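Colleague: Let's see this in three dimensions:
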Amino acid sequence: MSIVTHVAVFFARNPEEELTTHDVGIKWDMKPNNVSASLRYAEAKGWVTRTKRADPTTRTKYKWVYTAGPLLLQNPLGEREAAISSRP
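Modeller: Coordinates of the predicted model:
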């Protein structure tokens, strides 16, 4: 299963949750630097939304946070999982 599928299914099942780039990297064993490029497809499809949040504890003073995207939020769970599973 690809990282896109893992993250999209996670948010389909947990639409109220949010994950930082670091969280995604740890949860699915990938370098945080690669998360953004890896999830670009999911963003384009509306499965996840990426938001820049202020974080004074980091060097850049912000962090990227992923949440369920509009497509996942507008469909019931069964339809969300079917849409994600039918991806090429």
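Colleague: When you work out contacts or count neighbours from here on, use the C-alpha atoms and nothing else.
Modeller: OK.
Colleague: mind listing what Ser2 touches?
Modeller: Applying CA atoms under 8 Å, 6 or more residues apart in numbering to Ser2 gives no contacts.
Colleague: what does Ile26 give?
Modeller: Pro32.
Colleague: Next, it: secondary structure please.
Modeller: What DSSP: H, G, I helix; E, B strand; the rest coil gives for Ile26 is helix.
Colleague: Lys63 belongs to a helix?
Modeller: No: looking at Lys63 with three-state DSSP, it is strand, so not inside a helix.
Colleague: neighbours around the closest residue to it other than its chain neighbours, how many?
Modeller: The shortest distance from Lys63 to any non-neighbouring residue, by CA to CA, 6 or more residues apart in numbering, is to Arg53 (5.3 Å). Residues lying near Arg53 (other CA atoms under 10 Å) number 12.
Colleague: Make sure Arg53 is actually in contact with Tyr66.
Modeller: No: with contact defined as CA atoms under 8 Å, Arg53 does not count as touching Tyr66 (10.3 Å).
Colleague: ok, back up a step: helix, strand, or coil at the residue nearest to Lys63?
Modeller: At Arg53 the chain is in strand, as set by three-state DSSP.
Colleague: just for the protein, where's the confidence low?
Modeller: For the chain, residues meeting the criterion pLDDT under 70 lie at 75-88.
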